[in-house]
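> sequence-free structure coming up:
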């Protein structure tokens, strides 16, 4: 969302704007590295289109997906950060033809991230959290085409996927695209709410005050201190 990107754009040096597929791409340099920044869009299809354009049109060599999510795991609190070690579409269900959550014709339900890149991003997140507070978690992030905003929904997700730490609407789709194109990916999510009945209240406030600056701090540290 634009609130998340607002803190990042002024830090991009010499930015030019390209328009492809109804999206604006900011091309420039950040911390001495060539970068392309873009809004993923909301939902899995929008994010998959954006990721494909980054790869096919802009020839990115790696992808870092930042944003917000609802906390699911025990101890995952508002203000914490989750760095994914895998991503899964919780609303994918082609059973009985395929196992629940498995993406048909891929043999996968959990799409991996790049370990070394994710380690570098985790170090950036830890450095940012040391300044503003909060805990770092690493594990499964799940995605689906709905905003999880009731305690009943989050309880059902925890029952189906007990190791899921956070839930959002795009990451697993981006992971599927990166897996298909063999592009290293890291996904980091700031926890804006607990995916419960108060999610709609917490979410807008968190976007405006925390998500953007925290995302910029993570990206800058990752670039300055050497993503692999």
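All right, it came through fine. These numbers were taken from a predicted model, which means no experiment stands behind them. Residues are numbered from 1 along each chain as shown.

> make it CA atoms for all contacts and neighbour counts henceforth
Will do.

> all helices for the chain, in order.
Counting by DSSP state H, the chain has helices at residues 2-5, 44-56, 115-132, 151-160, 171-181, 199-206, 212-224.

> deepest of these, which one?
For the helices of the chain, the largest average neighbour count (mean count of other C-alpha atoms under 10 Å) is found in helix 171-181, namely a mean of 22.

> Run the angle between that one and helix 44-56 for me.
30 degrees (axes from the mean of the first three to the mean of the last three C-alpha atoms, to 10 degrees).

> What helices and strands are in contact with helix 171-181?
Under the contact criterion of 3 or more C-alpha pairs under 8 Å, 6 or more residues apart in numbering; DSSP states H and E, helix 171-181 touches helix 44-56, strand 81-89, strand 110-112, strand 136-143, strand 185-193.

> The third one: partners in the sheet, and parallel or antiparallel?
In the sheet containing strand 110-112, the strands it pairs with under DSSP bridges are strand 81-89 (antiparallel).

> can you list contacts of the strand it pairs with?
Outside of strand 81-89, the residues within contact range by C-alpha atoms under 8 Å, 6 or more residues apart in numbering are 101, 109-113, 115, 118, 121-122, 125, 134-144, 165-166, 171-173, 175, 186-191.

> please redo it, this time with the cut-off set to 7 Å
The list of residues contacting strand 81-89 from outside it, by C-alpha atoms under 7 Å, 6 or more residues apart in numbering, reads 101, 109-113, 122, 135-144, 171-172, 175, 187-191.

> lowest average confidence, helix or strand, in this structure?
Least confident helix or strand of the chain, by mean pLDDT, DSSP states H and E, is helix 199-206 with a mean of 63.

> Name all residues that make contact with residue 4.
Applying C-alpha under 7 Å, 6+ apart to residue 4 gives the contacts 67, 207, 211-212.

> what would those residues look like in a markdown table with distance to residue 24 and pLDDT?
What follows is the contacts of residue 4, written out as a markdown table (distance: C-alpha to C-alpha, whole Å; pLDDT from 0 to 100):
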| residue | distance to residue 24 | pLDDT |
| --- | --- | --- |
| 67 | 17 | 91 |
| 207 | 20 | 74 |
| 211 | 20 | 81 |
| 212 | 18 | 83 |
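
> which one of the helices and strands packed on helix 171-181 has the lowest average pLDDT?
In terms of average pLDDT, strand 185-193 trails the rest of the helices and strands packed on helix 171-181, at a mean of 92.

> Quick one, grab the pLDDT at the closest residue to residue 13 other than its chain neighbours.
Distances taken as C-alpha to C-alpha, 6 or more residues apart in numbering put residue 29 closest to residue 13, at 5.0 Å, once the chain neighbours are dropped. Reported pLDDT at residue 29 in the predicted model: 97.
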